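1. Quick one: sequence plus predicted model below, questions after.
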Amino acid sequence: MSVKQAEVVLIGINGYGESYLRSLLERTDAILIGVVEIAAEKSSFFDVLKERTIPIFKTVEAFYENHSADLAIISTPIHLHTKQAIYAMEQGSHVLCEKPLTGDPTDLPLWKETSEKTGKWAAIGFNWSFTESIQSLKQDIMAGVFGKAIQLKTLVLWPRTEDYFNRSSWAGKKHSPQGVMIMDSIANNATAHFLHNMFYMLGDQIETSAAVKNVEAQLYRVNDIETFDTCLVKMQTETGTELLFNASHAVEESEGPIFEYEFEKGTIYFNSEDEQPTMLAKFKDGTTKDYGNPHIPHIDKLNWCLKAVHDDKAQPPCDYSTAAVHVQVLGVLNNQLDQVIEFPKETSLYNEETKLHYVQNVQQVLTDSYQKGTIPVQPF
């Protein structure tokens with residue numbers, strides 16, 4: 001029995017969108033019926049698109065003038081997500097939108113209203129949420145295997161050079177030229193997957209995230225950006241679980257993601273730096289359980305969404321409502337951007353060969369904070 005092909009439009013084919021494009025050109029369960037890209041000629045697949053006569057459009061509206069699609073994949077800059085996703089749903093398409101959902105918390109009601117009105121779902125591409133390993137772990141957490149959650153903490157130290165912050169006109173910016181909120185920061189972009197995952201693992205259903213009531217943060221930057229490249233964030237869920245998220249681009253060496261999720265009956269450990277990374281649960285009764293590695297190259301979110309197009313029982317586990325907690329927490333952080341601390345010049349270093357700005361003691365301070373499970377009062 002042949003698999004019914006889902007008709008897909010890919011909005012944004014450069015940057016991360018290229019990974020979607022590469023997969024869609026090879027699949028048998030989907031047919032790429034159009035792409036939307038203002039600079040399609042920059043794509044390494046431009047000639048392939050021409051050869052296969054896949055139409056290229058400059059705008060989402062131009063595509064939908066004479067076409068329809070089962071699924072619209074949105075891999076464009078943050079400030080375009082809401083407008084493009086809402087329009088695609090209104091035109092009859094389900095949506096797979098890259099993270100973050102939006103930089104503006106006031107957009108959230110519009111996503112909900114449009115999805116309910118059109119009957120179309122909008123999945124948000126937080127990679128880990130769609131993996132078999134994370135799904136298996138969450139099922140056990142929901143079933144009470146681990147008991148009550150005590151503290152979840154995460155550490156991500158990822159160096160980013162000047163080229164990273166200069167890669168686009170919106171990188172590190174608060175707003176677009178039109179005034180739409182971008183709020184591109186380390187917590188809203190590169191390491192957003194791992195911040196979101198703590199909320200997601202504590203959701204009481206597969207498609208929900210735990211609500212957060214308290215957010216305390218220390219925000220820093222060494223790079224010439226409008227937001228922040230280093231953060232220490234302490235949060236609390238509405239049910240009393242403490243969360244800690246330490247992340248920085250202002251480091252010389254890459255480390256993480258690393259996490260430790262502590263529950264009353266056991267703790268789950270993960271370190272992507274291990275030779276064979278895996279989420280290992282160690283229970284207080286001495287037993288262990290290996291849940292596998294969620295941090296691997298995968299296209300699970302696309303697989304899930306293509307199946308869900310034709311199967312109502314395969315609804316995506318992470319949609320706009322699941323991702324809303326991340327947007328809300330970032331809203332709190334972004335309200336504190338006037339309090340971002342510039343790292344002192346005397347502690348800031350620059351590697352001219354790699355064009356990397358970093359601060360010598362950031363790695364140690366954030367690691368110590370992570371290991372102790374608390375934020376120091378004046379770390380720098």
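-> Yes, it's here.
2. In the stretch 101-250 of the chain, mark out all the helices, start to finish.
-> For the stretch 101-250 of the chain, the helices defined by DSSP state H, counting those that start in this stretch cover 108-118, 132-142, 162-165, 192-201.
3. which helices and strands does the second one pack with?
-> Yep, that's helix 132-142 we're talking about. Helix 132-142 makes packing contacts with helix 192-201 when contacts are defined by 3 or more C-beta pairs under 8 Å, 6 or more residues apart in numbering; DSSP states H and E. For glycine as for every other residue, the C-beta is placed from the backbone atoms N, C-alpha and C.
4. orientation of the helix it packs on relative to helix 132-142 in degrees?
-> Calculated by axes from the mean of the first three to the mean of the last three C-alpha atoms, to 10 degrees, helix 192-201 forms an angle of 30 degrees with helix 132-142.
5. just to revisit the earlier point, include distance to Asp290 when you put the helices of the stretch 101-250 of the chain into a markdown table, please.
-> A markdown table is the format used below for those (distance: least, C-beta to C-beta, whole Å):
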| stretch | distance to Asp290 |
| --- | --- |
| helix 108-118 | 36 |
| helix 132-142 | 9 |
| helix 162-165 | 34 |
| helix 192-201 | 17 |
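6. ranking those helices by burial, who's on top?
-> A comparison of these by mean neighbour count, using mean count of other C-beta atoms under 10 Å, puts helix 192-201 on top with a mean of 25.
7. Run through the neighbouring helices and strands of it.
-> When contacts are defined as 3+ C-beta pairs under 8 Å, 6+ apart, helix 192-201 packs onto helix 132-142, strand 149-157, strand 242-248, strand 255-263, helix 320-334.
8. Other residues contacting the shortest one?
-> Read it as strand 242-248. 150-158, 186-187, 191, 194-195, 198-199, 212, 220, 229-237, 362-363, 366-367, 369-370, 373-375 (C-beta atoms under 8 Å, 6 or more residues apart in numbering).
9. To Asp104, which of the helices and strands packed on helix 192-201 lies closest?
-> Closest approach to Asp104 among the helices and strands packed on helix 192-201 (C-beta to C-beta): helix 320-334, 8.0 Å.
10. just checking, what packs against the closest one?
-> Contact here means 3+ C-beta pairs under 8 Å, 6+ apart; on that basis helix 320-334 packs against helix 108-118, strand 122-124, helix 192-201, strand 212-221, strand 230-237.
11. hmm, try it at 10 Å
-> Packed against helix 320-334 by the contact rule (3 or more C-beta pairs under 10 Å, 6 or more residues apart in numbering; DSSP states H and E) you find helix 81-90, strand 94-97, helix 108-118, strand 122-124, helix 192-201, strand 212-221, strand 230-237.
12. Lovely, talk soon.
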